[in-house]
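Trainee: the following comprises the amino acid sequence and a computationally predicted model.
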Amino acid sequence: MSTPEFSVRLARSEADLLAAQRLRYEVFVRELGSDGPLVDHQGRFERDRFDPVSEHLVLVDARRSERALEHVVGVYRLLDAAGAARIGQYYSESEYDLDKLKASGRRLLELGRSCLHGQYRGGAAMFHLWAALAEVIAQRQVELLFGVASFHGTATAQLAQPLSLLHHRHLAPEALRVRARAPGAQRMDLVSAQALDRRAAMMQVPALIKAYLRLGGVVGEGAFVDHAFNTTDVCLMLDVSAMSPRSRAIYEGRG
């Protein structure tokens with residue numbers, strides 16, 4: 001395949017949104033086995049009720065056909081306080097109690113449905129998305145990013161090492177420590193800090209979660225087991241003001 005011709009924009013047309021939902025279908029439904037009441041299996045679109053009140057930041061490869069809805073190769077869904085107010089909640093609130101975040105007085109932005117086309121993983125694609133996201137954050141003066149990120153599968157015993165690593169080494173400060181809601185809540189301290197195999201645990205952590213940990217991200221208390229989506233979720237938070245200069249350079253695509 002020739003060199004990608006990347007650009008990033010907020011979805012500006014029906015084709016952009018449909019292509020983003022088509023990509024989400026390929027990743028979340030076909031690859032990871034998730035489902036939902038608004039998923040269109042015939043058309044191959046992954047949708048939910050939060051799409052109409054959210055924005056989609058899309059990574060476009062100009063070499064791919066927009067008519068065939070193939071041009072979007074990466075996506076972040078953005079939900080701000082105004083959008084959450086319109087629908088009555090943030091997406092994450094079905095899994096986590098976000099009262100501490102909402103009472104913090106910080107300017108919040110929820111990130112969700114982040115995914116990349118399989119052919120673009122492990123390269124520069126995510127950094128293009130990050131650089132564009134950094135511009136959005138700067139323009140809107142966002143102070144705190146958050147959202148759920150997933151491990152594939154619901155067998156938490158098999159995830160005991162990585163979940164315990166997140167709990168023991170990357171737990172959010174109490175003032176911002178959101179907590180998983182019942183009945184899907186699952187303790188993450190399944191292995192003691194002394195019994196952790198840190199290297200083996202980190203190998204099981206998905207790349208997106210690793211990336212946010214490197215930037216200074218932290219996690220809420222407890223995981224959430226989502227059987228409908230065949231995932232075990234954690235709530236990630238990133239305080240923009242607390243990022244180191246090196247982390248900020250990486251996030252903004254300068255490092």
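Mentor: Thanks, I have it.
Trainee: report the buried residues of stretch 222-236.
Mentor: Buried residues in stretch 222-236, counted by 16 or more other C-beta atoms under 10 Å: 222-226, 229-236. Backbone N, C-alpha and C define where each C-beta goes, glycine included.
Trainee: meant to ask about stretch 79-98, not that
Mentor: Applying 16+ other C-beta under 10 Å to stretch 79-98 flags 79-80, 83-84, 90-93, 95-98 as buried.
Trainee: circling back: including pLDDT, could the buried residues of stretch 222-236 go into TSV?
Mentor: Formatted as TSV, the buried residues of stretch 222-236 follow (pLDDT from 0 to 100):
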residue	pLDDT
222	98
223	98
224	98
225	97
226	92
229	85
230	87
231	92
232	96
233	97
234	98
235	98
236	97
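Trainee: which ones among those map onto strands?
Mentor: 223-226, 231-236 (DSSP state E).
Trainee: quick one: these as CSV, columns for distance to residue 207 too.
Mentor: Shown next, in CSV, are these (distance: C-beta to C-beta, whole Å):
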residue, distance to residue 207
223, 18
224, 20
225, 21
226, 19
231, 15
232, 16
233, 16
234, 14
235, 18
236, 13
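Trainee: and which of those residues is nearest residue 109?
Mentor: Distance to residue 109 across these (C-beta to C-beta) is lowest for residue 236, with 12.5 Å.
Trainee: for the closest one, list each beta-bridge partner.
Mentor: Residue 236 has these beta-bridge partners by DSSP bridges: residue 147, residue 219.
Trainee: shouldn't it be in contact with residue 212?
Mentor: Yes: the criterion here is C-beta atoms under 8 Å, and residue 236 meets it with residue 212 at 5.3 Å.
Trainee: common neighbours of these two, please.
Mentor: Taking C-beta atoms under 8 Å, 6 or more residues apart in numbering as the contact rule, residue 236 and residue 212 both touch residue 149.
Trainee: how about residue 162, secondary structure?
Mentor: What DSSP: H, G, I helix; E, B strand; the rest coil gives for residue 162 is helix.
Trainee: tell me the helices in the stretch 101-250 of the chain, going along the chain?
Mentor: 125-140, 160-170, 198-204, 207-214, 245-251 (DSSP state H, counting those that start in this stretch).
Trainee: show me how far the first one is from its chain's centre.
Mentor: Spelled out, it's helix 125-140. Averaged C-alpha coordinates place helix 125-140 at 14 Å from its chain's average position (C-alpha atoms, centre = their mean, to the nearest Å).
Trainee: now do it, average pLDDT.
Mentor: Mean pLDDT, helix 125-140: 92.
Trainee: that one - contacts with which helices or strands?
Mentor: strand 6-10, strand 55-61, strand 72-80, strand 108-116, helix 245-251 (3 or more C-beta pairs under 8 Å, 6 or more residues apart in numbering; DSSP states H and E).
Trainee: switch these over to a markdown table; also include distance to residue 34.
Mentor: Output for the helices and strands packed on helix 125-140, formatted as a markdown table (distance: least, C-beta to C-beta, whole Å):
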| stretch | distance to residue 34 |
| --- | --- |
| strand 6-10 | 25 |
| strand 55-61 | 18 |
| strand 72-80 | 15 |
| strand 108-116 | 11 |
| helix 245-251 | 27 |
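Trainee: among these, which is nearest residue 47?
Mentor: strand 108-116 (10.1 Å).
Trainee: now the closest one and strand 72-80, what's the angle there?
Mentor: Interaxial angle, strand 108-116 versus strand 72-80 (axes from the mean of the first three to the mean of the last three C-alpha atoms, to 10 degrees): 160 degrees.
Trainee: surely residue 111 meets residue 75?
Mentor: No: the pair residue 111 / residue 75 is not scored as a contact, 10.6 Å apart, by C-beta under 8 Å.
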